[in-house]
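**Student:** my questions concern the predicted model and sequence given below.
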Amino acid sequence: MSELERSFRIFPIPSACLFQLEVNLPQANELEVRVSNVLGQEGYRNLAGKQTGLYREEIDLRNLAKGTYLLEFTSGSQKIFRKLMVQ
């Protein structure tokens, strides 16, 4: 498990619509956060640009229906996937 994966947190799960993402970025990389449904349709996307150090983001999914979604976090060439549940 990489340092990036060890520091990655997304909470609370499940949530009504708001999630908090926290991750420590050991080196500067372009960031992208995507949330898609089980069909691969994108419901949220944020291109955060080049970041380093502690990164925090509030992910607002109020516009999405209740269900299970896949979060994809990309930092440079590294990707982290997490399942999100919107209640």
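**Tutor:** Looks like it arrived, so ask away. Numbers count the residues shown, from 1 in each chain.
**Student:** just give me how far the helix or strand of the chain with the lowest mean pLDDT sits from the chain centre.
**Tutor:** None of the helices or strands of the chain scores lower by mean pLDDT, DSSP states H and E than helix 3-7, at a mean of 94. On the basis of CA atoms, centre = their mean, to the nearest Å, helix 3-7 sits 13 Å off its chain's mean C-alpha point.
**Student:** list the helices and strands that helix packs on?
**Tutor:** strand 18-36, strand 78-86 (3 or more CB pairs under 8 Å, 6 or more residues apart in numbering; DSSP states H and E). C-beta: built from backbone N, CA, C; applies to glycine.
**Student:** which residues sit against it?
**Tutor:** Contacting residues not belonging to helix 3-7 are listed as 22, 23, 24, 25, 26, 75, 78, 80 [CB atoms under 8 Å, 6 or more residues apart in numbering].
**Student:** next helix or strand past it?
**Tutor:** Downstream of helix 3-7, the first helix or strand assigned by DSSP states H and E is strand 9-11.
**Student:** and that following strand, what's buried?
**Tutor:** By neighbour count with 16 or more other CB atoms under 10 Å, strand 9-11 contains the buried residues residue 10.
**Student:** which other residues reach that strand?
**Tutor:** Taking CB under 8 Å, 6+ apart as the rule, strand 9-11 contacts 19, 20, 21, 22, 23, 59, 71, 82, 84.
**Student:** about what we covered before: quick one, which of the contacts of helix 3-7 are buried?
**Tutor:** Neighbour-count burial (16+ other CB under 10 Å) applied to those gives 23, 25, 75, 80.
**Student:** looks like the last one contacts residue 8 (just checking).
**Tutor:** Yes - applying CB atoms under 8 Å, one finds residue 80 in contact with residue 8, separated by 5.3 Å.
**Student:** residues shared between the contacts of the two?
**Tutor:** The contact lists of residue 80 and residue 8 share residue 73, where a contact means CB under 8 Å, 6+ apart.
**Student:** sorry, back to before: reformat the helices and strands packed on helix 3-7 as CSV; add mean pLDDT and distance to residue 12.
**Tutor:** Output for those, formatted as CSV (pLDDT from 0 to 100; distance: least, CB to CB, whole Å):
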stretch, mean pLDDT, distance to residue 12
strand 18-36, 96, 7
strand 78-86, 97, 10
